[in-house]
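# here are the coordinates; sequence isn't available:
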């Protein structure tokens, strides 16, 4: 497949405050990624009035974290003791630990925010859909602080979104529900360092038929693989994998535009598509937004552009 990617660094939006972290500096590795931003881009601006309970206010959530931190520290020693017992006691003790965590959640979170959870039992109004890797080390609620009711999530191998023409999957079924029923305003695709799914994709031999479910799934990232191979032929395999981990995120964002009900909302400004990259070795997070006006998607070629790029450290 022929493809083209233009390159230009987008302007720094220092006034924008992320809901999950603080903005510090550019990550130097982005300078090698072929992103582009059009010089005359204009974004549609629109707003919707939707129920948004006071308990979902981000600032209030931040204060809740601070208030809860002291109580969490009080129970830290007890939790450590239970965890040590679980490690020594096998499966039964593991579920004992799970029970303790559930009861802790009920007593310290659920009962103290009863109004919040009772409202959630009747309806949900998440502003985010998150598509993340199934990797046990990458938990969006843990690293980004999402609270119940804030994000509709799906996790799969290598956080991939297939093209619409590839047919139904649990990923695009979740996309349909989140976009058409819940009317989320943001979709965030989160990739991460040392992704085994992307490494597997990079190792697959094109001329070898595989019965592996994993291999068949990760081939949804083939376009990102081809772009990576073309751009990083001079780099080591490990470096190529790191490049592809980010390239595949942008390919998934482009793939979402193949769904008409997503493209229409993005075009009208009712939906924004974002990429994120979590490096759990350095505990840093990169966030960017797909620039719809700079993207082209067709059968012959595709290209993308990004904007509002941030690095949280």
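That came through, no problem. Keep in mind it's a predicted model, so treat the numbers as computed, not measured. Residues are numbered from 1 along each chain as shown.

# Contact partners for the nearest residue to residue 199 once chain neighbours are set aside?
Setting aside the residues directly before and after it, residue 199 is nearest to residue 241 in space (CB to CB, 6 or more residues apart in numbering), at 5.1 Å. Bear in mind the C-beta positions are built from the backbone N, C-alpha and C, glycine included. Contact analysis of residue 241 by CB atoms under 8 Å, 6 or more residues apart in numbering lists 195, 198-199, 202.

# Counting only helices, which of those residues make the cut?
198-199, 202 (DSSP state H).

# what ranges do the strands span in the protein?
Per DSSP state E, the chain carries strands over the ranges 128-133, 151-156, 186-192, 272-279, 284-290, 296-297, 302-303, 306-312.

# partners of the last one in the sheet?
The one in question is strand 306-312. If you go by DSSP bridges, strand 306-312 pairs up with strand 284-290 (antiparallel).

# For the protein, which residue occupies the most central location?
residue 190 (2.6 Å; CA atoms, centre = their mean).

# so what's residue 151 closest to, chain neighbours aside?
Nearest residue to residue 151, sequence neighbours excluded (CB to CB, 6+ apart): residue 128, at 4.1 Å.

# Over to residue 148?
Excluding its sequence neighbours, the residue lying closest to residue 148 (CB to CB, 6+ apart) is residue 120, at 6.0 Å.

# residues in contact with the residue nearest to residue 246 when sequence neighbours are not counted?
Using CB to CB, 6+ apart and skipping the chain neighbours, the partner closest in space to residue 246 is residue 277 (5.6 Å). Residue 277 is in contact with 190-193, 245-246, 249, 285-286, counting by CB under 8 Å, 6+ apart.

# Identify the bridge partners of residue 277.
Beta-bridge partners, per DSSP bridges, of residue 277: residue 191, residue 286.

# looking at the chain, which helix or strand is least sure?
Ranking every helix and strand in the chain by mean pLDDT, DSSP states H and E puts helix 58-105 at the bottom, with a mean of 65.

# Give me the domain ranges for the protein.
Domain segmentation of the chain under the TED database yields 88-123, 126-312.

# Now do the buried residues in the shortest one.
Taking 16 or more other CB atoms under 10 Å as the neighbour-count basis, domain 88-123 is seen to contain the buried residues 93, 97, 100, 104, 109-110, 113, 116-117, 119-120.
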